[in-house]
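In: Give me coordinates for this.
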Amino acid sequence: MSFTGASDRSVPATKIEITVSCRNLLDLDTFSKSDPMVVLFTQTRASQEWREFGRTEVIDNTLNPDFLRKFVLDYFFEEKQNLRFDVYNVDSKTNISKPKDFFGKSDPFLVFYRSNEDGTFTICHKTEVVKNTLNPVWQPFTIPVRALCNGDYDRTVKIDVYDWDRDGSHDFIGEFTTSYRELTKAQSQFTVYEVLNPRKKCKKKKYVNSGTVTLLSFTVDSEFTFVDYIKGGTQLNFTVAIDFTASNGNPLQPTSLHYMSPYQLSAYAMALKAVGEIIQDYDSDKLFPAYGFGAKVPPEGRISHQFPLNNNSEDPNCEGIEGVLESYFQSLRTVQLYGPTYFAPVINQVARAAAKVSDGSQYYVLLIITDGVISDMTQTKEAIVSASSLPMSIIIVGVGPAMFEAMEELDGDDVRVSSRGRYAERDIVQFVPFRDYVDRSGNQVLSMARLAKDVLAEIPEQLLSYMRTHDIQPRPAPNATPSPTPMQP
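Out: Down below sits the predicted model:
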């Protein structure tokens with residue numbers, strides 16, 4: 001299977017294109033080879049039910065099918081999307097065949113293939129069929145650059161020409177090759193390619209070609225997507241900051257927002273787990289700095305607004321989200337909830353780390369989980385305005401029944417956050433109240449899925465806005481040279 005990212009301005013998601021090929025399938029037919037078809041099923045975290053998304057075409061008599069029909073799905077960074085591919089052998093009771101173009105006309109179509117490093121080819125596009133003609137003109141079409149050549153300008157692109165048949169046994173007319181670089185050179189002039197059939201060339205001494213294909217127009221439009229940066233190696237560095245102020249209530253009491261029930265997770269733990277389990281897959285080392293704020297910490301009992309949950313000031317990293325949860329539970333047993341509620345210290349802490357990396361290889365996401373009214377609004381606004389020029393986003397999840405007007409102001413969706421007459425360079429804050437996502441039936445998995453979907457929905461666009469503002473292009477994928485994506489010929 002191959003995956004290609006492309007964007008669609010009308011849909012707030014990246015498109016993932018999946019091409020399906022199978023090798024060495026079981027032969028289930030008695031007098032011929034199997035007739036395979038693949039059905040794609042999808043399953044989201046919010047629903048355990050598998051639903052059919054689409055089907056490939058049926059390819060007759062083969063155990064090694066390369067399906068032309070692709071699956072194009074919306075890719076949501078903020079959701080865990082499970083896919084299942086089922087392979088079927090389709091038996092047909094009728095055998096419909098098309099007469100072989102007795103009067104010299106054909107029903108031609110083109111199939112584009114990208115060459116792979118191992119010498120194989122992957123289908124990247126198929127044109128429409130133009131019926132009953134020897135002089136077809138195909139409609140303009142779009143192929144993402146990464147689908148066409150995987151970022152390698154000189155990679156061979158093979159185009160096969162077929163005569164369509166109703167039963168699927170399309171007649172091979174011939175082929176020709178080109179490359180992305182060659183296509184870009186030819187965009188200002190008509191370029192003619194000879195269509196050659198290797199078998200006919202070997203058999204007939206006077207064979208010239210099986211026709212020609214003329215390139216009428218070719219244009220390139222560069223538009224990078226979130227997936228392009230992730231494929232190019234951009235890492236998301238996830239940091240957690242948890243509110244340990246006294247307004248949360250005594251953790252030993254069931255009324256506390258931090259209460260560690262043996263039967264269910266607290267709102268804090270649910271928010272941390274929901275967001276963390278999605279974002280951890282975009283950080284290769286799975287080491288996450290985790291802090292608490294608003295508590296008196298041992299042994300001196302000093303008030304701290306950025307103490308490491310693992311009690312290691314030299315290395316605040318926790319291993320995976322489970323490690324963060326473990327350190328969080330341990331801190332609840334050792335620190336004294338106090339106050340006030342300060343955001344600025346931990347925002348500035350992450351901002352200092354983000355300021356050290358400006359090449360697009362790292363992007364920082366700070367998750368703040370809090371229950372109450374912020375006590376350092378002026379300083380927090382200043383910290384956000386300063387951080388808005390850095391590769392950084394801030395997610396704030398409000399838990400409990402408090403009113404969160406100040407958090408809505410920090411969100412900046414309607415009015416950009418400002419401080420001392422200076423406005424944030426871009427919107428980097430997303431706030432959501434946890435209570436809006438609690439499932440009434442008590443289904444915690446559903447609650448976490450809903451929360452993660454909304455709080456992470458803005459991260460891809462925030463990352464892209466930083467990259468665009470600083471004119472940073474994605475790094476090329478492994479074994480490829482830099483290129484724009486997608487292409488629009």
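In: pLDDT wise, what is residue 489 at?
Out: We have a pLDDT of 33 for residue 489.
In: burial measure for residue 128, as a count.
Out: Other residues near residue 128 come to 12 when the count uses other CB atoms under 10 Å. To be clear about C-beta, it is placed using only N, CA and C from the backbone, and glycine gets the same treatment.
In: pLDDT wise, what is residue 97 at?
Out: We have a pLDDT of 34 for residue 97.
In: With residue 239 instead?
Out: The predicted structure scores residue 239 at 96 on the pLDDT scale.
In: In contact with residue 362, which residues are there?
Out: Residues in contact with residue 362, defined by CB atoms under 8 Å, 6 or more residues apart in numbering, are 234-235, 237, 354, 391.
In: could you redo the last one with a cut-off of 7 Å?
Out: Residues touching residue 362, when contacts are defined by CB atoms under 7 Å, 6 or more residues apart in numbering, comprise 235, 237, 391.
In: Return the mean pLDDT over stretch 394-407, rounded to an integer.
Out: Throughout stretch 394-407, pLDDT has a mean value of 89.
In: for stretch 374-386, same thing?
Out: On average, stretch 374-386 scores 96.
In: Measure how far that stretch is from the centre of its chain, please.
Out: Going by CA atoms, centre = their mean, to the nearest Å, the spacing between the C-alpha centre of stretch 374-386 and its chain's C-alpha centre is 31 Å.
In: before we move on, the earlier item: could you dump the contacts of residue 362 to TSV with distance to residue 321?
Out: Shown next, in TSV, are those (distance: CB to CB, whole Å):
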residue	distance to residue 321
235	16
237	14
391	22
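In: Could you verify that residue 328 is part of a strand?
Out: No: secondary structure of residue 328 (DSSP: H, G, I helix; E, B strand; the rest coil): helix, not part of a strand.
In: burial measure for it, as a count.
Out: 24.
In: Now it: closest residue in space that isn't a chain neighbour?
Out: Distances taken as CB to CB, 6 or more residues apart in numbering put residue 309 closest to residue 328, at 5.4 Å, once the chain neighbours are dropped.
In: so what's that neighbour scoring on pLDDT?
Out: The predicted structure scores residue 309 at 97 on the pLDDT scale.
In: That one against residue 331, yeah?
Out: Yes: contact criterion CB atoms under 7 Å: residue 309 and residue 331 qualify, at 4.9 Å.
In: which of those two has more neighbours?
Out: Neighbour comparison, residue 309 and residue 331: the larger count goes to residue 309, with 27 against 23 (by other CB under 10 Å).
In: on that earlier part again, TSV please, covering the contacts of residue 362 and showing neighbour count.
Out: Shown next, in TSV, are these (neighbours: other CB atoms under 10 Å):
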residue	neighbour count
235	16
237	22
391	27
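In: Counting only strands, which of these make the cut?
Out: Secondary structure assignment (DSSP state E) places 235, 237 from these within strands.
In: Now for this structure, the helix or strand with the poorest mean pLDDT.
Out: Lowest on mean pLDDT, DSSP states H and E among the helices and strands of the chain sits strand 2-7, with a mean of 42.
In: pLDDT below threshold where in this protein?
Out: Residue ranges of the chain with pLDDT under 70: 1-13, 29-32, 44-47, 91-104, 167-168, 187-189, 477-489.
In: At which residues are the helices of it located?
Out: Using DSSP state H, the helices of the chain run over 145-149, 180-185, 198-203, 226-231, 267-279, 320-334, 344-355, 377-387, 405-411, 444-455, 459-469.
In: between the ones you listed, which one is nearest to residue 361?
Out: Closest approach to residue 361 among these (CB to CB): helix 226-231, 9.5 Å.
In: So which elements touch that closest one?
Out: Counting contacts by 3 or more CB pairs under 7 Å, 6 or more residues apart in numbering; DSSP states H and E, the secondary-structure elements packed against helix 226-231 are helix 459-469.
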